[in-house]
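Colleague: sequence first, then the predicted structure, then my questions.
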Amino acid sequence: MQTLTPHNGAQKGDFAKTVLMPGDPLRAKFIAETYLENPKLVTSIRNVYGYTGTYQGKRVSVMASGMGIPSIAIYSHELYTVFGVESIIRVGSAGAYHPDLKLFDIIIGQGACTNSNFAAQFHLPGTFAPIADFGLLRKAVDACEAIGARYMVGNIMSSDTFYEDDPEEWKQWRKMGVLGAEMEAAALYMNAARYGKKALAIDTISDIIGTHEEATPKERETAFDQMIRIALSIAE
């Protein structure tokens, strides 16, 4: 069967209106097999797994984004423009900048700063500020409050560089109130804006930048449960 895009083997109608998007393909598989009822694999091109199933009676999909802005930009673009997806909720990890954040706290990305040049393609006469969909954000906050989750809402930093040449550069973002760093949300928010869709990034703190405190892989698997359940509960 012919694929609709070079990167996604699904057919139209295979994806639900809401897609949860972790970075790791194996985490997408884990989410589908652990949380969804009757998950069906709809794409596995490049071993980037995408599944559709149901959660508490709602049809929901989950698909990996890969690492970084170029990767999530490709997959979110295709989901929004080819496969009829209306909302993408990133469920990932982040490094904490804010001194009050602890391991396994949740960041809800109200906005996403970036050192990427991704926005240049839109030929805007200034600087674009990528922001989340407010409806999804408000639901995520309500879901956190309902279960007593530790969370913060604010700006996050979507970086193109994991290994910084200047190891102190993160402090410049912290002084501007940025909560933490990840690598995907800004492109997701820009694509959502461009195509009139919805997006939200929810990240679990996996390490504390500056102190080198970090979670083990096993701890991440357990701690991410709270974030995943929050995202599933707000899927539309």
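Modeller: In hand now; what should we look at?
Colleague: which parts of this protein are helices?
Modeller: Ranges of helices within the chain are 25-35, 69-81, 134-147, 170-174, 185-194, 217-234, based on DSSP state H.
Colleague: and the angle for the longest one with helix 134-147?
Modeller: In this case it means helix 217-234. Angle between the axes of helix 217-234 and helix 134-147 is 120 degrees (criterion: axes from the mean of the first three to the mean of the last three Cα atoms, to 10 degrees).
Colleague: okay, the helices of the chain in CSV with distance to Thr18 and mean pLDDT next?
Modeller: Where C-beta positions appear, they are placed from N, C-alpha and C, glycine not excepted. CSV is the format used below for the helices of the chain (distance: least, Cβ to Cβ, whole Å; pLDDT from 0 to 100):
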stretch, distance to Thr18, mean pLDDT
helix 25-35, 13, 96
helix 69-81, 10, 98
helix 134-147, 9, 98
helix 170-174, 30, 96
helix 185-194, 12, 98
helix 217-234, 8, 87
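Colleague: out of those helices, nearest to Gly13?
Modeller: Ranking those by proximity to Gly13 (Cβ to Cβ) places helix 69-81 first, at 12.9 Å.
Colleague: and the residue nearest the centre of the protein?
Modeller: What sits nearest the mean C-alpha location of the chain, by Cα atoms, centre = their mean, is Arg90, with 1.9 Å.
Colleague: excluding its backbone neighbours, what's nearest it?
Modeller: Ala201 (4.1 Å; Cβ to Cβ, 6 or more residues apart in numbering).
Colleague: ok, the one you found touching Ser93?
Modeller: No - because the distance of 11.0 Å does not satisfy Cβ atoms under 8 Å, Ala201 is recorded as not touching Ser93.
Colleague: neighbour count winner among these two?
Modeller: More crowded of Ala201 and Ser93, by other Cβ atoms under 10 Å: Ala201, with 31 against 23.
Colleague: tell me the contacts of that one?
Modeller: Neighbour list for Ala201: 89-90, 92, 107-109, 112, 132, 156, 182, 184-185, 188-189 [criterion: Cβ atoms under 8 Å, 6 or more residues apart in numbering].
Colleague: again, only using 10 Å
Modeller: Listed by Cβ atoms under 10 Å, 6 or more residues apart in numbering, the contact partners of Ala201 are 21, 72, 88-92, 94, 107-112, 130, 132, 136-137, 140, 156, 158, 182, 184-186, 188-189.
Colleague: pull out the buried residues from those.
Modeller: For the contacts of Ala201, a burial check counting by 16 or more other Cβ atoms under 10 Å picks out 21, 72, 88-92, 94, 107-112, 130, 132, 136-137, 140, 156, 158, 182, 184-186, 188-189.
Colleague: returning to what we had before: for the residue nearest to the centre of the chain, name its beta-bridge partners.
Modeller: Met21, Ala201 (DSSP bridges).
Colleague: if we can go back for a sec, what do Ala201 and Ser93 both touch?
Modeller: When Cβ under 10 Å, 6+ apart defines a contact, the residues bordering Ala201 and Ser93 alike are 107, 182.
Colleague: follow-up on the earlier one: tell me the most buried of the helices of the chain?
Modeller: Of these, the one with the most neighbours on average (mean count of other Cβ atoms under 10 Å) is helix 185-194, at a mean of 25.
Colleague: how close does Ile69 sit to Gln56?
Modeller: 32 Å (Cβ to Cβ, to the nearest Å).
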